[in-house]
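Colleague: attaching a predicted model along with its sequence, questions to come.
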Amino acid sequence: MTATHHDTTAPTTVGNNNAFVDAMVISWRNLKRIPRVPDQAMWGTVQPIMFVLLFAYVFGGAIPIGDSDDPMLYREFLMAGIFTQTMAFAVASASVGLADDMQKGLIDRFRSLPIARSAVIAGRVVGDLVFNAFIMLVMVLCALLVGWRWHNGVLNGLAAFGLLLLFAFAMLWIGAWIGMSVRSAEVAASAGLIWLFPVTFLSTAFVPMNNQPDWIKTVAEWNPFSSVVGACRELFGNPNPFVSDNLPSQHPVLLALIYVVLIIAIFAPLAVRKYMHAAGG
Amino acid sequence: MAAIEAHGLTKTFGKGKKQVRALDGLDLEVPDGGVLGLLGPNGAGKTTTVRILATLLTPDEGEARVLGHDAVAEPAVVRGLIGLSGQFSAIDENLTGRENLWMFGRLYGLDSTSAKARGVELLEMFELTDAADRVCKTYSGGMKRRLDLAGSLIAHPKVLFLDEPTTGLDPKARLDLWDIIRDRVESGVTVLLTTQYLEEADVLADSIAVIDHGRVIAEGSSDDLKSQVGGERIELVVHDPTQVTAAHELLTRSAEGEVEVDAHARKLTAPSRGGSSALVQVIRELDLAGVAIDDIGLRRPTLDDVFMSLTGHTVIEEQQVSEPAGRAS
């Protein structure tokens, strides 16, 4: 270290950023990391492909839709469920990423900077959303290969994909809240995912709710997850055997939107609050 | 007005039986342009103090001010004035050095071009230019710390908090970092530095506060503290147990105070002020008197000694007593 240091940049005014720029810088950072940890990105993509193939070929034919046990019909039915499930699993990427940042002392660093309170979490969520859009694309291609199609025109199809990404966006806030609440990335990985299994299976995602006990039917029907799945089936024009005449089965798109807004309204402030009071490593 | 002020800070963590009082009425002041070394063992409250002053933690009671701004009431203002470099190298290991500095520059409110330029400047200053485009995962511990420190200097902070900046570094990397910190101090930055190493506080700080159990128990220059501890000592081990008395008499004649004798270990400790020439003198006299020695040396006071003299227990005992659950982390 020599004594003659060039330290010429004039002192600058700091803290004149807006929340949007701060969040974009953080999401730039989160996206920049993805190709540098290629195994993480690879497993993140392999898992949904595996689900598509396993469900399509193992369950297709074994689970009748309506009166028909045509495996093609089941695949048409299934895909909205798999898409929604994969978007729900976005929870884990946000929770693991933030818990890791906290463990490594980065959250403390960010908190000592003159930036918007919401920037670090929002940056995480937006970065992960972009990555999930990529996964979505891979999955759609895979679904098209196994014979899935949408039948209601381009606009309705795009609306369904929009809804799926909106749902992922909402789930990412839950993931952010979990990530800021646990002590390590390892815990975040399981805490982020474990609760999603009952939520996704107690829904209309993978099996039609015809022969299950009444209480399961009720839970599945009002499950927000079912609403998103049902809304996608309706928009895609895929088979969507109604459970009942109740509101969730009749207006899945409306209800899905309400649920998504509710989740964001609850968990975005919770996650930011956790960030403000994070104990840090 | 002092650049950094803390008055009566208290902070308690946990509830019920697990409750830990991390800070118990801590006071400190660092004058503008000064360097205060906060010296203490693990769990003494050093990090908690820094985290409160850096707006990361709210104290239960008391007041924390940076350049006159209240860290609790005006956190946003304080964040714009300070740089913080923590115990961990808080950099993104999947970004390159250049990208890390650009990111922090943008977050400090620089536009993209200025952030880039400031990054180049800092990489140069911290001798990281050659590694600028490598992913930080590949950096050595010393390089990571340097980059971390560079990140905290982006906005030319007037106040710098360094929380154990060299813990875990090898001696060479530690010396490099000391140079950098001294450089900052010369440019007029006010620094609050925490450390477990007396030597580090000695080299970098112009004033030292020793803390234990969340309170400042001694304060002053490093010379003040050392004289409290008793300064330098000559320590020797006699080969033949029967010659301990002879060595004792000889040392008493030249020593600056009382000579301690551990007959069982054949060890004698004598306060001394003469440095290495006094040591040479003692060796010569022992040789003339025919006293054979196994080991002899000059011992400078360590943090252990400071603690021993101030609290009656050593740092090691302290850690064992106060951190029974330390293994779990």
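Modeller: Cool, the structure landed. Numbers count the residues shown, from 1 in each chain, chains lettered A, B, ... in the order given.
Colleague: angles on the backbone of B:Ala71, please.
Modeller: Main-chain dihedrals, B:Ala71, degrees, to the nearest 10: phi -70, psi -30.
Colleague: nearest spatial neighbour of it, chain-adjacent residues omitted?
Modeller: In this structure, B:Ala71 finds its nearest non-sequential neighbour in B:Ala64, 4.1 Å apart by C-beta to C-beta, 6 or more residues apart in numbering or on different chains. Using the backbone N, CA and C atoms, a C-beta is placed for each residue, glycine as well.
Colleague: assign a three-state SS to that neighbour, would you?
Modeller: strand (DSSP: H, G, I helix; E, B strand; the rest coil).
Colleague: list the contacts of the most centrally placed residue in chain B.
Modeller: Closest to where the C-alpha atoms of chain B average out (C-alpha atoms, centre = their mean) is B:Thr195, at 1.9 Å. Residues near B:Thr195 by C-beta atoms under 8 Å, 6 or more residues apart in numbering or on different chains: B:37-39, B:164-167, B:201.
Colleague: can you list the buried residues in the longest helix belonging to chain A?
Modeller: As assigned by DSSP state H, the longest helix anywhere in chain A is helix A:153-181. For helix A:153-181, a neighbour-count test (16 or more other C-beta atoms under 10 Å in any protein chain shown) marks A:157, A:159-161, A:163-181 as buried.
Colleague: next SSE downstream of it?
Modeller: Downstream of helix A:153-181, the next assigned helix or strand under DSSP states H and E is helix A:185-193.
Colleague: so what secondary structure elements neighbour the following helix or strand past that next one?
Modeller: Toward the C-terminus, helix A:185-193 is succeeded by helix A:196-201 as the next helix or strand (DSSP H and E). Packing contacts for helix A:196-201, counted by 3 or more C-beta pairs under 8 Å, 6 or more residues apart in numbering or on different chains; DSSP states H and E, involve helix A:71-88.
Colleague: buried sites along stretch B:28-43?
Modeller: Buried-residue list, stretch B:28-43, by 16+ other C-beta under 10 Å: B:28-30, B:34-41, B:43.
Colleague: export that stretch as PDB, just CAs?
Modeller: Extracted C-alpha coordinates of stretch B:28-43, given in PDB (Å, rounded to 0.1, in the frame of the first residue of the first chain):
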ATOM      1  CA  LEU B  28     -18.100   7.000  24.700                       C
ATOM      2  CA  GLU B  29     -17.000  10.000  22.700                       C
ATOM      3  CA  VAL B  30     -14.700  10.300  19.700                       C
ATOM      4  CA  PRO B  31     -13.500  13.800  18.800                       C
ATOM      5  CA  ASP B  32     -13.600  15.000  15.200                       C
ATOM      6  CA  GLY B  33     -10.800  13.300  13.300                       C
ATOM      7  CA  GLY B  34      -9.900  11.000  16.200                       C
ATOM      8  CA  VAL B  35      -9.600   7.200  16.300                       C
ATOM      9  CA  LEU B  36     -11.100   5.400  19.300                       C
ATOM     10  CA  GLY B  37     -10.200   1.700  19.700                       C
ATOM     11  CA  LEU B  38     -12.900  -0.200  21.500                       C
ATOM     12  CA  LEU B  39     -11.100  -3.100  23.100                       C
ATOM     13  CA  GLY B  40     -12.700  -6.100  24.700                       C
ATOM     14  CA  PRO B  41     -13.300  -9.800  24.500                       C
ATOM     15  CA  ASN B  42     -16.100 -11.500  22.600                       C
ATOM     16  CA  GLY B  43     -19.500 -10.700  24.000                       C
END
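Colleague: quick one: mean pLDDT over it.
Modeller: Averaged over stretch B:28-43, pLDDT sits at 90.
Colleague: for chain B, give me the ranges with low pLDDT.
Modeller: Across chain B, the ranges flagged by pLDDT under 70 are B:229-230, B:302-304, B:307, B:311-329.
Colleague: list the contacts of stretch A:124-134.
Modeller: A:23-24, A:26-31, A:34, A:41, A:44-45, A:86-87, A:90, A:93-94, A:97-98, A:165, A:168-169, A:172-173, A:175-176.
Colleague: one more time with 6 Å, if that's ok
Modeller: The contact list for stretch A:124-134 (C-beta atoms under 6 Å, 6 or more residues apart in numbering or on different chains) reads A:27, A:30-31, A:90, A:93-94, A:97-98, A:165, A:168-169, A:172.
Colleague: so which of these is the closest to chain B?
Modeller: A:Asn30 (9.2 Å; C-beta to the nearest C-beta).
Colleague: phi, psi for that closest one please.
Modeller: Main-chain torsions, A:Asn30, degrees, to the nearest 10: phi -70, psi -30.
Colleague: mind listing what B:Gly34 touches?
Modeller: B:Gly34 sits next to B:190, B:206 when contact means C-beta under 6 Å, 6+ apart.
Colleague: what about it, distance to B:Val185?
Modeller: Distance, B:Gly34 to B:Val185, by C-beta to C-beta, to the nearest Å: 9 Å.
Colleague: again with A:Arg29
Modeller: A:Arg29 sits 31 Å away from B:Val185, going by C-beta to C-beta.
Colleague: quick one, which of the two is more surrounded?
Modeller: Comparing A:Arg29 with B:Val185 by neighbour count (other C-beta atoms under 10 Å in any protein chain shown), the higher total belongs to A:Arg29, at 23 against 19.
Colleague: can you tell me the helix or strand for that one?
Modeller: Going by DSSP H and E, A:Arg29 is part of helix A:19-33.
Colleague: list the helices and strands the next helix or strand after that helix packs on?
Modeller: Counting by DSSP H and E, the next helix or strand C-terminal to helix A:19-33 is helix A:38-54. Applying 3 or more C-beta pairs under 6 Å, 6 or more residues apart in numbering or on different chains; DSSP states H and E, we find helix A:38-54 packed against helix A:71-88, helix A:119-145.
Colleague: which helices and strands does the first one pack with?
Modeller: The contact analysis (3+ C-beta pairs under 6 Å, 6+ apart) places helix A:71-88 against helix A:38-54, helix A:153-181, helix A:224-236.
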